[in-house]
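> need a structure here:
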Amino acid sequence: MSRPHLSVLLEEVLAAAAPQAGDLVIDGTFGAGGYSRAFLQRGCEVIGLDRDPSVQIHADRLTTEFPGAFRLVRCRFSEMADALAEVGSGSCDIVVLDIGVSSMQLDQAERGFSFQKDGPLDMRMSDEGPTAADLVNTLDHGPLAHLIKEYGEERESGRIASAILRRRVEQPFSRTLDLAEVVEKAVGGRRGAPIHPATRTFQALRIAVNDELGELAAGLEAAEQVLKPGGRLVVVTFHSLEDRMVKRFLNTRAGKGGGGSRHLPPQAVVARPSFELVGKGLVEAGAAEAQANPRARSAKLRAAIRTEAPIWRAAA
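The predicted structure follows:
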């Protein structure tokens with residue numbers, strides 16, 4: 001049986017977003033609707049965004065429970081401006097993003113996200129585009145090793161890529177546990193490691209399949225575009241690649257520098273700060289939540305308030 005979905009850092013998200021009755025909220029990663037429900041209970045109007053068709057059952061529940069106050073739009077969160085246009089609005093008061101794979105998706109073996117449950121090697125958050133199996137069965141050694149190193153921060157990426165290419169000559173990969181076993185053997189087994197040897201490889205494939213870093217970069221810029229002056233952006237991340245991107249984006253937009261990122265678009269032309277950071281910059285889960293919800297242990301929250309400055313334009 002699937003474990004109940006727990007919204008990570010829920011109270012911290014609400015504190016950072018500071019919702020008021022009547023606010024229009026974009027829940028950019030709807031999932032099971034935990035954040036959306038909390039905002040609806042505080043009298044907000046919520047537009048939930050998600051490219052995963054399996055979330056519809058949760059959206060229907062909120063639509064019935066909060067008639068006229070909630071709507072789900074099937075799209076990527078980078079398309080939030082279009083979603084707002086669908087409801088006749090050009091701006092909103094709050095944007096919340098919970099980045100990465102959800103516990104629901106991990107629990108569904110047929111989605112292929114987990115190396116702990118046997119299922120088709122898929123990993124798509126939507127039902128479109130190439131699968132993880134397509135990548136491991138077609139990429140040459142160099143591109144595959146680079147993908148695993150870049151997105152998984154895996155030091156043994158070359159060895160893993162070599163093992164994958166040797167095995168796929170005999171039989172193409174189609175199942176999650178099959179790939180996990182090959183990766184585990186390639187790096188010498190668990191050896192007392194705190195995480196499974198396939199963790200970083202699966203993370204890398206998932207990020208590549210769903211273009212998660214490109215989507216995050218576009219989503220941050222979209223939030224800058226749609227938030228009203230005084231509106232709040234709240235982002236929860238779960239691994240270092242995501243958190244570094246969010247930190248650099250917000251620090252740069254707040255006029256604090258912080259350098260560029262190979263995952264973000266070209267550095268924008270220096271302009272007046274379009275965001276003001278909330279608090280000291282980083283919020284993490286308390287001990288009680290981390291113990292109750294393992295997913296919260298790696299969660300990091302960053303938030304900022306939209307200023308009246310125009311959106312930043314990328315350098316030519």
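> all strands for the stretch 51-200 of the chain, in order.
Taking DSSP state E, counting those that start in this stretch, the strands of the stretch 51-200 of the chain run over residues 70-73, 92-98.
> so which of those strands is the most packed in?
For the strands of the stretch 51-200 of the chain, average neighbour numbers computed from mean count of other CB atoms under 10 Å are highest in strand 92-98, which has a mean of 26. Using the backbone N, CA and C atoms, a C-beta is placed for each residue, glycine as well.
> as a whole number, average confidence for that strand?
For strand 92-98, the mean pLDDT works out to 97.
> how much distance is there from it to the middle of the chain?
Relative to its parent chain, strand 92-98 has a centroid offset of 13 Å by CA atoms, centre = their mean, to the nearest Å.
> and that strand, what other elements does it pack with?
Packed against strand 92-98 by the contact rule (3 or more CB pairs under 8 Å, 6 or more residues apart in numbering; DSSP states H and E) you find helix 10-17, strand 24-27, helix 34-41, helix 80-86, helix 212-226, strand 227-237.
> Could you report the separation of the nearest residue to R51 once chain neighbours are set aside from L10?
Residue nearest to R51 in three dimensions, not counting chain neighbours: S126, with 4.1 Å by CB to CB, 6 or more residues apart in numbering. From S126 across to L10, the span is 25 Å (CB to CB, to the nearest Å).
> all helices for this protein, in order.
Under the criterion DSSP state H, the chain contains helices at 10-17, 34-41, 56-65, 80-86, 103-107, 132-138, 141-152, 157-170, 176-186, 199-210, 212-226, 240-253, 287-292.
> Single out the most deeply packed of these.
Burial of those is given as mean neighbour count (mean count of other CB under 10 Å); helix 199-210 ranks first at a mean of 24.
> tell me the angle that helix makes with helix 212-226.
Taking axes from the mean of the first three to the mean of the last three CA atoms, to 10 degrees, one finds that helix 199-210 is oriented at 50 degrees with respect to helix 212-226.
> got a markdown table for the helices and strands packed on strand 92-98, with mean pLDDT and distance to P67 too?
Shown next, in a markdown table, are the helices and strands packed on strand 92-98 (pLDDT from 0 to 100; distance: least, CB to CB, whole Å):
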| stretch | mean pLDDT | distance to P67 |
| --- | --- | --- |
| helix 10-17 | 96 | 23 |
| strand 24-27 | 98 | 17 |
| helix 34-41 | 97 | 11 |
| helix 80-86 | 94 | 18 |
| helix 212-226 | 96 | 25 |
| strand 227-237 | 97 | 25 |
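> I'd like the ones you listed as TSV, with distance to R200 appended.
Formatted as TSV, the helices and strands packed on strand 92-98 follow (distance: least, CB to CB, whole Å):
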stretch	distance to R200
helix 10-17	27
strand 24-27	29
helix 34-41	27
helix 80-86	30
helix 212-226	14
strand 227-237	16
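> and A145, which of the ones you listed is closest to it?
Among the helices and strands packed on strand 92-98, helix 212-226 comes nearest to A145, with 17.9 Å by CB to CB.
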